[in-house]
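J.: Could you look at this predicted model? Sequence included:
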Amino acid sequence: MKLSKKFAIAIAASAMMGSLGLACSASTASTTIVAGGATFPINLMESCRATFAGDSTANSNGDKVDYTGVGSSTGRANFYKNTYDFAMSDSLYKTTDTGYRSSFVFMPLVAGAIDVAYRLDGIKPEGTVLQMSSATVAKIFAGQITNWKNAAISADNPETVVIPDTPITVYKRKEGSGTTHSFANYLNKVEPSIWTKATNDAFDSAFPGTVPTDGSFVAAQGNDGVANGVMGKNGGIGYAEVSFVNERQSSGKSITAAKLKNGAGEYLAGSSAAAALFVSTAAVDSMTGIVEFNYATTKAGAYPITAVSYGMANTAANGTAAKNEVVKNYVNYVLDTCAPAVAEIKGYAALPANIVAISKTIAAKIGA
(Lines give C-alpha, C1' and ligand atoms only; values in the text may rest on other atoms or scores of the structure.)
Protein backbone atom coordinates (compact mmCIF):
# COMPACT_ATOMS: atom_id res chain seq x y z
CA MET A 1 0.00 0.00 0.00
CA LYS A 2 1.37 3.37 -0.97
CA LEU A 3 1.62 5.81 1.95
CA SER A 4 0.76 9.45 1.56
CA LYS A 5 3.77 11.72 1.56
CA LYS A 6 2.59 13.49 4.71
CA PHE A 7 2.04 10.18 6.55
CA ALA A 8 5.44 8.85 5.48
CA ILE A 9 7.15 11.97 6.80
CA ALA A 10 5.30 11.60 10.11
CA ILE A 11 6.43 7.99 10.51
CA ALA A 12 10.01 8.91 9.69
CA ALA A 13 9.96 11.74 12.19
CA SER A 14 8.50 9.47 14.85
CA ALA A 15 11.17 6.86 14.24
CA MET A 16 13.88 9.47 14.43
CA MET A 17 12.55 10.84 17.71
CA GLY A 18 12.37 7.33 19.13
CA SER A 19 15.94 6.74 18.11
CA LEU A 20 17.06 10.01 19.69
CA GLY A 21 15.15 9.13 22.83
CA LEU A 22 16.95 5.81 23.11
CA ALA A 23 20.29 7.47 22.52
CA CYS A 24 19.53 10.14 25.11
CA SER A 25 18.39 7.51 27.60
CA ALA A 26 21.54 5.50 27.07
CA SER A 27 23.80 8.52 27.52
CA THR A 28 22.13 9.53 30.78
CA ALA A 29 21.90 6.07 32.30
CA SER A 30 23.04 6.27 35.91
CA THR A 31 26.25 4.58 37.02
CA THR A 32 26.77 2.77 40.31
CA ILE A 33 30.24 2.68 41.80
CA VAL A 34 31.22 -0.09 44.20
CA ALA A 35 33.10 1.21 47.21
CA GLY A 36 34.16 0.09 50.66
CA GLY A 37 36.83 0.00 53.32
CA ALA A 38 37.11 1.77 56.66
CA THR A 39 34.25 1.43 59.14
CA PHE A 40 35.40 4.64 60.87
CA PRO A 41 33.61 6.95 58.34
CA ILE A 42 30.68 4.64 57.55
CA ASN A 43 28.06 6.75 59.36
CA LEU A 44 29.11 9.74 57.25
CA MET A 45 29.36 7.66 54.06
CA GLU A 46 25.83 6.35 54.53
CA SER A 47 24.51 9.88 54.82
CA CYS A 48 26.59 11.31 51.95
CA ARG A 49 25.85 8.55 49.47
CA ALA A 50 22.11 8.84 50.20
CA THR A 51 21.97 12.59 49.64
CA PHE A 52 24.35 12.40 46.65
CA ALA A 53 21.95 10.04 44.86
CA GLY A 54 19.16 12.60 45.13
CA ASP A 55 21.12 15.81 44.53
CA SER A 56 20.20 16.87 40.99
CA THR A 57 22.71 19.74 41.04
CA ALA A 58 25.81 17.79 42.08
CA ASN A 59 24.62 14.56 40.48
CA SER A 60 22.29 15.28 37.58
CA ASN A 61 22.74 11.77 36.22
CA GLY A 62 21.40 10.08 39.35
CA ASP A 63 24.61 8.09 39.89
CA LYS A 64 24.87 5.93 43.00
CA VAL A 65 27.54 4.85 45.48
CA ASP A 66 27.45 1.47 47.23
CA TYR A 67 29.73 1.50 50.30
CA THR A 68 30.52 -1.49 52.53
CA GLY A 69 32.45 -1.20 55.80
CA VAL A 70 35.01 -4.01 55.79
CA GLY A 71 37.96 -2.34 57.51
CA SER A 72 40.78 -0.26 56.05
CA SER A 73 43.09 -3.17 55.24
CA THR A 74 40.46 -5.12 53.31
CA GLY A 75 39.25 -1.93 51.64
CA ARG A 76 42.72 -1.13 50.34
CA ALA A 77 43.26 -4.71 49.16
CA ASN A 78 39.91 -4.72 47.32
CA PHE A 79 40.69 -1.38 45.72
CA TYR A 80 44.08 -2.59 44.53
CA LYS A 81 42.40 -5.70 43.05
CA ASN A 82 39.85 -3.47 41.24
CA THR A 83 36.99 -5.00 43.24
CA TYR A 84 36.24 -1.46 44.43
CA ASP A 85 36.07 1.67 42.27
CA PHE A 86 36.64 3.81 45.35
CA ALA A 87 37.83 3.03 48.87
CA MET A 88 38.26 4.65 52.26
CA SER A 89 41.18 4.00 54.60
CA ASP A 90 42.15 5.53 57.94
CA SER A 91 45.70 4.20 57.64
CA LEU A 92 48.28 5.13 55.06
CA TYR A 93 48.98 3.12 51.93
CA LYS A 94 52.30 1.33 51.75
CA THR A 95 54.20 0.06 48.72
CA THR A 96 54.26 -3.32 50.47
CA ASP A 97 50.45 -3.52 50.58
CA THR A 98 48.85 -6.39 48.68
CA GLY A 99 48.49 -5.46 45.01
CA TYR A 100 49.87 -1.95 45.50
CA ARG A 101 49.89 0.20 42.39
CA SER A 102 50.88 3.81 41.89
CA SER A 103 48.04 4.75 39.50
CA PHE A 104 45.76 6.18 42.17
CA VAL A 105 45.25 9.25 44.32
CA PHE A 106 44.89 9.47 48.08
CA MET A 107 43.16 12.42 49.76
CA PRO A 108 41.82 13.32 53.24
CA LEU A 109 38.00 13.49 53.32
CA VAL A 110 36.96 13.70 56.98
CA ALA A 111 38.33 13.58 60.51
CA GLY A 112 36.94 12.28 63.77
CA ALA A 113 37.76 11.48 67.37
CA ILE A 114 38.39 7.94 68.60
CA ASP A 115 36.72 7.47 71.96
CA VAL A 116 38.04 5.23 74.69
CA ALA A 117 34.64 3.88 75.63
CA TYR A 118 33.78 1.79 78.67
CA ARG A 119 30.95 0.29 80.68
CA LEU A 120 31.42 0.12 84.41
CA ASP A 121 28.44 -0.41 86.69
CA GLY A 122 28.52 0.85 90.28
CA ILE A 123 30.75 3.93 90.04
CA LYS A 124 29.99 6.45 92.76
CA PRO A 125 28.85 9.18 92.62
CA GLU A 126 26.45 7.83 90.01
CA GLY A 127 26.96 9.40 86.61
CA THR A 128 30.68 10.06 87.15
CA VAL A 129 32.72 9.99 83.93
CA LEU A 130 36.18 8.54 84.51
CA GLN A 131 39.31 10.49 83.63
CA MET A 132 42.42 8.79 82.24
CA SER A 133 45.95 9.87 81.50
CA SER A 134 47.72 8.56 78.39
CA ALA A 135 49.84 6.26 80.58
CA THR A 136 46.73 4.71 82.12
CA VAL A 137 45.13 4.13 78.71
CA ALA A 138 48.36 2.63 77.39
CA LYS A 139 48.66 0.24 80.33
CA ILE A 140 45.03 -0.89 80.12
CA PHE A 141 45.32 -1.73 76.41
CA ALA A 142 48.73 -3.35 76.99
CA GLY A 143 47.18 -5.69 79.57
CA GLN A 144 49.21 -4.19 82.41
CA ILE A 145 46.14 -2.87 84.27
CA THR A 146 43.57 -5.64 84.59
CA ASN A 147 41.09 -4.35 87.20
CA TRP A 148 39.17 -1.09 87.40
CA LYS A 149 40.04 -0.71 91.09
CA ASN A 150 43.64 0.13 90.22
CA ALA A 151 45.81 2.81 91.81
CA ALA A 152 46.63 4.42 88.45
CA ILE A 153 42.96 4.85 87.52
CA SER A 154 42.15 6.16 90.99
CA ALA A 155 45.01 8.65 90.78
CA ASP A 156 43.56 10.12 87.56
CA ASN A 157 40.26 10.85 89.29
CA PRO A 158 39.08 12.92 92.27
CA GLU A 159 39.34 11.23 95.69
CA THR A 160 35.55 11.35 96.00
CA VAL A 161 35.14 8.90 93.10
CA VAL A 162 34.60 5.28 94.20
CA ILE A 163 35.57 2.77 91.53
CA PRO A 164 34.24 -0.81 91.85
CA ASP A 165 36.43 -3.90 92.02
CA THR A 166 35.63 -5.18 88.52
CA PRO A 167 37.88 -7.04 86.07
CA ILE A 168 38.68 -5.20 82.83
CA THR A 169 37.70 -6.75 79.49
CA VAL A 170 39.39 -5.09 76.50
CA TYR A 171 37.59 -5.06 73.14
CA LYS A 172 39.89 -4.82 70.14
CA ARG A 173 39.40 -5.01 66.40
CA LYS A 174 39.38 -8.44 64.78
CA GLU A 175 40.27 -7.30 61.27
CA GLY A 176 42.95 -4.96 59.94
CA SER A 177 41.71 -1.52 60.88
CA GLY A 178 42.65 2.10 60.33
CA THR A 179 41.03 2.92 63.66
CA THR A 180 43.44 0.47 65.28
CA HIS A 181 46.29 2.04 63.30
CA SER A 182 45.44 5.54 64.55
CA PHE A 183 44.83 4.38 68.14
CA ALA A 184 48.07 2.37 68.30
CA ASN A 185 49.99 5.24 66.70
CA TYR A 186 48.80 7.58 69.46
CA LEU A 187 49.85 5.11 72.17
CA ASN A 188 53.24 4.52 70.56
CA LYS A 189 53.92 8.25 70.10
CA VAL A 190 52.85 9.42 73.57
CA GLU A 191 53.82 6.36 75.65
CA PRO A 192 56.66 4.67 73.72
CA SER A 193 58.03 2.93 76.82
CA ILE A 194 54.70 1.06 77.20
CA TRP A 195 53.59 0.69 73.57
CA THR A 196 57.01 -0.17 72.22
CA LYS A 197 56.10 -1.36 68.72
CA ALA A 198 55.45 0.75 65.65
CA THR A 199 51.81 1.18 64.71
CA ASN A 200 49.99 -1.42 62.64
CA ASP A 201 46.50 -2.04 61.25
CA ALA A 202 46.43 -5.31 63.20
CA PHE A 203 46.02 -4.83 66.97
CA ASP A 204 47.90 -8.04 67.79
CA SER A 205 50.90 -6.90 65.72
CA ALA A 206 51.01 -3.46 67.35
CA PHE A 207 50.50 -4.92 70.85
CA PRO A 208 53.63 -4.75 73.05
CA GLY A 209 54.04 -8.48 73.62
CA THR A 210 51.52 -11.27 73.23
CA VAL A 211 47.82 -10.55 73.57
CA PRO A 212 46.40 -12.45 76.59
CA THR A 213 44.27 -15.48 75.76
CA ASP A 214 42.48 -15.70 79.11
CA GLY A 215 39.35 -13.93 77.87
CA SER A 216 40.40 -10.49 79.07
CA PHE A 217 40.86 -9.42 75.43
CA VAL A 218 37.99 -9.94 72.98
CA ALA A 219 38.14 -9.40 69.20
CA ALA A 220 35.18 -7.68 67.51
CA GLN A 221 34.33 -6.76 63.93
CA GLY A 222 34.37 -3.08 63.05
CA ASN A 223 33.79 0.01 65.16
CA ASP A 224 30.22 -1.23 65.49
CA GLY A 225 31.31 -4.57 66.95
CA VAL A 226 33.68 -2.97 69.46
CA ALA A 227 31.01 -0.53 70.67
CA ASN A 228 28.46 -3.34 70.95
CA GLY A 229 30.91 -5.51 72.88
CA VAL A 230 31.73 -2.75 75.36
CA MET A 231 28.12 -1.82 76.09
CA GLY A 232 27.21 -5.47 76.62
CA LYS A 233 29.93 -6.22 79.19
CA ASN A 234 30.25 -4.71 82.66
CA GLY A 235 33.95 -3.85 82.94
CA GLY A 236 34.36 -3.62 79.16
CA ILE A 237 36.55 -1.03 77.45
CA GLY A 238 37.41 -0.43 73.81
CA TYR A 239 38.25 2.15 71.16
CA ALA A 240 35.75 3.33 68.54
CA GLU A 241 34.98 6.38 66.44
CA VAL A 242 32.93 8.81 68.51
CA SER A 243 29.76 8.56 66.39
CA PHE A 244 29.39 4.86 67.26
CA VAL A 245 29.49 5.73 70.96
CA ASN A 246 27.18 8.74 70.59
CA GLU A 247 24.46 6.81 68.77
CA ARG A 248 24.37 4.18 71.54
CA GLN A 249 24.32 6.79 74.28
CA SER A 250 21.41 8.55 72.56
CA SER A 251 19.55 5.23 72.65
CA GLY A 252 20.11 4.94 76.40
CA LYS A 253 22.74 2.17 76.20
CA SER A 254 25.29 1.62 78.99
CA ILE A 255 28.43 3.03 77.38
CA THR A 256 30.53 6.04 78.36
CA ALA A 257 33.40 7.90 76.69
CA ALA A 258 36.28 8.41 79.10
CA LYS A 259 37.80 11.87 79.47
CA LEU A 260 41.40 11.70 78.29
CA LYS A 261 44.19 14.04 79.33
CA ASN A 262 45.50 16.15 76.45
CA GLY A 263 48.77 18.05 76.05
CA ALA A 264 47.28 21.11 77.73
CA GLY A 265 46.48 19.06 80.84
CA GLU A 266 42.72 19.07 80.21
CA TYR A 267 40.51 15.99 80.49
CA LEU A 268 38.23 15.74 77.44
CA ALA A 269 35.91 13.22 75.86
CA GLY A 270 35.97 12.94 72.08
CA SER A 271 33.86 15.46 70.15
CA SER A 272 33.68 17.04 66.71
CA ALA A 273 34.96 20.38 67.98
CA ALA A 274 37.86 18.86 69.92
CA ALA A 275 38.86 16.68 66.96
CA ALA A 276 38.77 19.70 64.64
CA LEU A 277 41.09 21.63 66.98
CA PHE A 278 43.56 18.74 67.03
CA VAL A 279 43.52 18.42 63.23
CA SER A 280 44.16 22.16 62.93
CA THR A 281 47.61 21.61 64.47
CA ALA A 282 48.58 18.88 61.97
CA ALA A 283 50.88 19.15 58.99
CA VAL A 284 49.72 17.92 55.58
CA ASP A 285 51.81 16.99 52.53
CA SER A 286 50.39 18.93 49.58
CA MET A 287 51.56 16.28 47.10
CA THR A 288 50.47 13.07 48.84
CA GLY A 289 47.64 14.36 51.04
CA ILE A 290 49.11 12.56 54.05
CA VAL A 291 48.33 14.23 57.39
CA GLU A 292 50.92 14.12 60.19
CA PHE A 293 49.49 14.77 63.65
CA ASN A 294 51.29 16.79 66.29
CA TYR A 295 50.84 14.61 69.37
CA ALA A 296 52.93 17.05 71.40
CA THR A 297 50.53 19.95 70.85
CA THR A 298 49.44 21.88 73.92
CA LYS A 299 46.50 23.51 72.14
CA ALA A 300 43.61 23.99 74.54
CA GLY A 301 40.50 22.00 73.72
CA ALA A 302 42.24 19.59 71.32
CA TYR A 303 41.32 15.92 71.70
CA PRO A 304 44.46 13.77 71.35
CA ILE A 305 43.17 10.56 69.71
CA THR A 306 41.92 11.73 66.34
CA ALA A 307 42.01 10.11 62.92
CA VAL A 308 41.69 11.24 59.33
CA SER A 309 39.88 9.01 56.85
CA TYR A 310 41.27 9.11 53.31
CA GLY A 311 39.58 8.46 49.98
CA MET A 312 41.34 6.34 47.36
CA ALA A 313 40.50 6.72 43.67
CA ASN A 314 41.94 5.91 40.25
CA THR A 315 43.69 8.08 37.71
CA ALA A 316 43.05 7.47 34.01
CA ALA A 317 45.59 4.63 34.12
CA ASN A 318 43.05 2.44 35.90
CA GLY A 319 39.28 2.02 36.05
CA THR A 320 36.76 3.24 33.48
CA ALA A 321 36.27 6.86 32.51
CA ALA A 322 32.57 6.74 33.47
CA LYS A 323 33.18 5.33 36.95
CA ASN A 324 36.15 7.59 37.61
CA GLU A 325 33.95 10.59 36.78
CA VAL A 326 31.33 9.46 39.31
CA VAL A 327 34.04 8.97 41.94
CA LYS A 328 35.39 12.47 41.29
CA ASN A 329 31.92 13.99 41.60
CA TYR A 330 31.26 12.08 44.81
CA VAL A 331 34.58 13.05 46.41
CA ASN A 332 33.98 16.72 45.64
CA TYR A 333 30.41 16.40 46.92
CA VAL A 334 31.70 15.04 50.25
CA LEU A 335 34.30 17.81 50.56
CA ASP A 336 32.13 20.73 49.39
CA THR A 337 28.62 19.83 50.49
CA CYS A 338 28.05 16.76 52.63
CA ALA A 339 30.86 16.88 55.21
CA PRO A 340 30.45 20.60 55.99
CA ALA A 341 26.70 20.07 56.40
CA VAL A 342 26.46 16.83 58.38
CA ALA A 343 29.92 15.76 59.66
CA GLU A 344 29.40 17.35 63.08
CA ILE A 345 25.82 16.07 63.31
CA LYS A 346 27.14 12.55 62.70
CA GLY A 347 29.95 12.93 65.24
CA TYR A 348 32.79 13.70 62.81
CA ALA A 349 34.81 16.81 62.08
CA ALA A 350 34.86 18.46 58.66
CA LEU A 351 38.42 19.19 57.56
CA PRO A 352 39.93 22.68 57.91
CA ALA A 353 40.02 24.84 54.77
CA ASN A 354 43.74 24.33 54.12
CA ILE A 355 43.39 20.54 54.01
CA VAL A 356 40.19 20.71 51.93
CA ALA A 357 42.05 22.82 49.36
CA ILE A 358 44.80 20.20 49.12
CA SER A 359 42.25 17.39 48.85
CA LYS A 360 40.42 19.16 46.02
CA THR A 361 43.67 19.67 44.11
CA ILE A 362 44.42 15.95 44.44
CA ALA A 363 40.82 15.03 43.55
CA ALA A 364 41.22 16.83 40.24
CA LYS A 365 43.61 14.05 39.22
CA ILE A 366 40.88 11.39 39.49
CA GLY A 367 40.36 9.98 36.01
CA ALA A 368 43.04 12.29 34.60
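T.: Perfect, thanks for sending it. Numbering: from 1, shown residues only.

J.: Mind listing residues that contact the one helix or strand N43 maps to?
T.: N43 belongs to helix 42-53 when assigned by DSSP states H and E. With Cβ atoms under 8 Å, 6 or more residues apart in numbering as the test, helix 42-53 has contacts from 35, 58-59, 62-67, 69, 88, 110, 223, 241, 243-244, 247, 329-330, 333-334, 337-339, 342-343, 346-348. Quick note: C-beta positions are derived from backbone N, CA and C, even for glycine.

J.: Can you flag which of the residues you listed belong to helices?
T.: Among these, DSSP state H puts 223, 243-244, 247, 329-330, 333, 339, 342 in helices.

J.: Count the residues that sit near F207.
T.: Neighbour count of F207, defined by other Cβ atoms under 10 Å: 21.

J.: which residues touch it?
T.: So F207 contacts 142, 197 (Cβ under 8 Å, 6+ apart).

J.: Per-residue pLDDT of it, please?
T.: Here the pLDDT value assigned to F207 is 98.

J.: Numbering from 45 from now on, please.
T.: Done: numbering now begins at 45, and the last item shifts to F251.

J.: Next, give phi and psi for it.
T.: Dihedral angles of F251 (phi, psi; degrees, to the nearest 10) stand at phi -60, psi 140.

J.: cool, and the one 5 residues further on?
T.: Comment: the main-chain dihedrals of P256 come out as phi -60, psi 150, following degrees, to the nearest 10.

J.: hang on, it packs against A186?
T.: No - the pair P256 / A186 is not scored as a contact, 10.1 Å apart, by Cβ atoms under 8 Å.

J.: out of those two, which sits in the busier spot?
T.: A186 (18 against 12).

J.: looking at it, that one is touching W239, isn't it?
T.: Yes - assessed by Cβ under 8 Å, A186 is found in contact with W239 at 6.4 Å.

J.: returning to what we had before: drop anything exposed from the contacts of helix 86-97.
T.: When those are checked for burial by 16 or more other Cβ atoms under 10 Å, the buried set is 79, 102-103, 107-109, 111, 113, 132, 154, 267, 285, 287-288, 291, 373-374, 377-378, 381-383, 386-387, 390-392.

J.: As a check, name the ranges of all helices in the chain.
T.: Under DSSP H, the chain gives helices at 49-71, 86-97, 116-124, 178-185, 195-199, 222-234, 247-250, 266-275, 286-293, 316-323, 365-377, 383-386, 397-407.

J.: Which of these sits closest to Y215?
T.: helix 266-275 (4.1 Å; Cβ to Cβ).

J.: How about residues contacting that closest one?
T.: 83-84, 86, 113, 115, 161-163, 215-219, 221, 223, 262, 264, 280-285, 288-289, 292, 297-299.

J.: Can you tell me which of these end up in strands?
T.: Those of the contacts of helix 266-275 mapping onto strands are 113, 161-162, 215-217, 262, 264, 280-285, per DSSP state E.

J.: Start and end of stretch 236-252, how far apart?
T.: End-to-end distance of stretch 236-252 (Cα to Cα, to the nearest Å): 10 Å.
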